[in-house]
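Undergrad: test case, fold it:
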Amino acid sequence: MNEPFGMMSGEVAKKKIMRHSAAYKLPLSALDIVVVDDSKQMQTIIRSVLLAMRVARVRTFDTAEKALQAMLTEPPNLIITDWRMEPVTGYQLLRSIRHRQMAPLCFVPVLMITAHTTRPLVEKALKAGAHHVLAKPLAPNALHQRIEWIARDERKFCLDPGQDFFVIDGVSAALAVQSERRQALDNARLNHARSLGGESKSHPARTGASNKPTQKPADEPLVLEERKSSRGMGDLVKPASGAFRAAAAIRAEADAVTKGAGEKSKATQVKGGDGKPSGAKPKGKPGAVRRSPSR
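TA: Purely as a prediction, here's the structure:
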């Protein structure tokens, strides 16, 4: 059993390297936590939340290089690091500390934080040995729950087969199972959509296609309704492209019709025998007697 650490055979090596994380079964009051983030504001927020949890110690660093140098001297119990940093990213920091030659730092759990929690990013972080990924902005309650969960996490570290890096036991297998389930679900949805498409062509009433409203052409103006507090076109619901010009034309036409109707109503008043509106006074001097022309 004097073989080098990395040269052990499969079963023997598995028994020798299975280890819990450095935060396993530790209370919050005993945790030494390192925070790595290139944002001073985010450092202050996380530090305030951690101190409110009454952890033993909080150390903050602007870069991964500074944090790594300090952690080699004093390994913490937990690392909270941002994913996107320069020049060394949080993922590169994670890969560095998970190398077997970085022991005992390689057994420190890592909580990754990022503003871009896409599925590929999360899977990449978990496969590299991160315990959890949290999305920004951080909620204090969520951060508290995740730290307590990491302290209770019974999963152990093991060497990645054929590699010199530690990973969390069972993560790769669990991610593979989830990937197969998603693929099967996507295939089922695709087949279902295709079957519905075939039925809609042969039996439109069965699929309810006849009940779907027909879409308006792009050039057809939308019906716009002004709000009670509307002051003009700026407060109208924004229509599709070209509808503003159509709405303006409709409004101008409506104003013209209204104006024409007003003038017509004045002209259609009851008229007298001389063709003038009834009640109109004849032109001439006041009091003058109108004489008939001589024959």
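
Undergrad: so where's the longest helix in the protein?
TA: As assigned by DSSP state H, the longest helix anywhere in the chain is helix 171-202.

Undergrad: determine the set of other helices and strands touching that helix.
TA: With contacts taken as 3 or more CB pairs under 8 Å, 6 or more residues apart in numbering; DSSP states H and E, helix 171-202 sits against helix 119-127, helix 204-207. C-beta: built from backbone N, CA, C; applies to glycine.

Undergrad: host element of Cys158?
TA: Assigned by DSSP states H and E, Cys158 belongs to strand 157-159.

Undergrad: same thing with Ile150?
TA: Per DSSP H and E: Ile150 is located in helix 140-152.

Undergrad: now swap in Leu93 and tell me
TA: In the assignment (DSSP H and E), Leu93 maps to helix 90-97.

Undergrad: CA atoms only: put that helix into CSV for me.
TA: What follows is helix 90-97 as a C-alpha-only set of coordinates in CSV (Å, rounded to 0.1, in the frame of the first residue of the first chain):
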residue,chain,number,x,y,z
GLY,A,90,-14.7,31.6,-10.7
TYR,A,91,-14.7,28.4,-12.8
GLN,A,92,-10.9,28.5,-13.1
LEU,A,93,-10.6,29.1,-9.4
LEU,A,94,-12.9,26.1,-8.8
ARG,A,95,-10.8,23.9,-11.1
SER,A,96,-7.6,25.0,-9.5
ILE,A,97,-8.6,24.2,-5.9
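
Undergrad: what angle do that helix and helix 119-127 make?
TA: Angle of helix 90-97 versus helix 119-127, following axes from the mean of the first three to the mean of the last three CA atoms, to 10 degrees, is 20 degrees.

Undergrad: packing partners for helix 90-97?
TA: With contacts defined as 3+ CB pairs under 8 Å, 6+ apart, helix 90-97 has these neighbours: helix 64-73, strand 78-82, strand 110-114, helix 119-127.

Undergrad: could you redo the last one with a cut-off of 6 Å?
TA: With contacts taken as 3 or more CB pairs under 6 Å, 6 or more residues apart in numbering; DSSP states H and E, helix 90-97 sits against strand 78-82.

Undergrad: what angle separates the strand it packs on from strand 110-114?
TA: Using the same axes, to 10 degrees: strand 78-82 against strand 110-114 is 20 degrees.

Undergrad: got the CA positions of strand 78-82 in CSV?
TA: What follows is strand 78-82, C-alpha atoms only, in CSV (Å, rounded to 0.1, in the frame of the first residue of the first chain):
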residue,chain,number,x,y,z
LEU,A,78,-16.6,27.4,2.6
ILE,A,79,-15.9,29.4,-0.6
ILE,A,80,-18.5,31.8,-2.2
THR,A,81,-17.2,33.0,-5.5
ASP,A,82,-18.6,34.8,-8.5
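
Undergrad: partner strands of it, with direction?
TA: strand 32-36 (parallel), strand 110-114 (parallel) (DSSP bridges).

Undergrad: just put these in CSV and tack on mean pLDDT, mean neighbour count and distance to Leu159.
TA: Output for those, formatted as CSV (pLDDT from 0 to 100; neighbours: other CB atoms under 10 Å; distance: least, CB to CB, whole Å):
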stretch, mean pLDDT, mean neighbour count, distance to Leu159
strand 32-36, 98, 23, 24
strand 110-114, 96, 23, 17
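
Undergrad: and Asp160, what pLDDT?
TA: Predicted confidence (pLDDT) for Asp160: 87.

Undergrad: can you report how many residues lie near it?
TA: Neighbourhood size, Asp160 [other CB atoms under 10 Å]: 15.

Undergrad: Provide the backbone phi and psi angles at the closest residue in space to it that isn't next to it in sequence.
TA: The shortest distance from Asp160 to any non-neighbouring residue, by CB to CB, 6 or more residues apart in numbering, is to Val167 (4.7 Å). Val167 adopts backbone torsions of phi -130, psi 170, taken as degrees, to the nearest 10.

Undergrad: please name the bridge partners of the residue lying closest to Thr117 once chain neighbours are set aside.
TA: With sequence-adjacent residues excluded and distances taken as CB to CB, 6+ apart, Thr117 is closest to Ala135, at 4.2 Å. Beta-bridge pairing for Ala135 (DSSP bridges): Thr114.

Undergrad: below-threshold pLDDT in the stretch 1-150 of the chain: ranges please.
TA: Low-confidence segments of the stretch 1-150 of the chain, defined by pLDDT under 70: 1-16.
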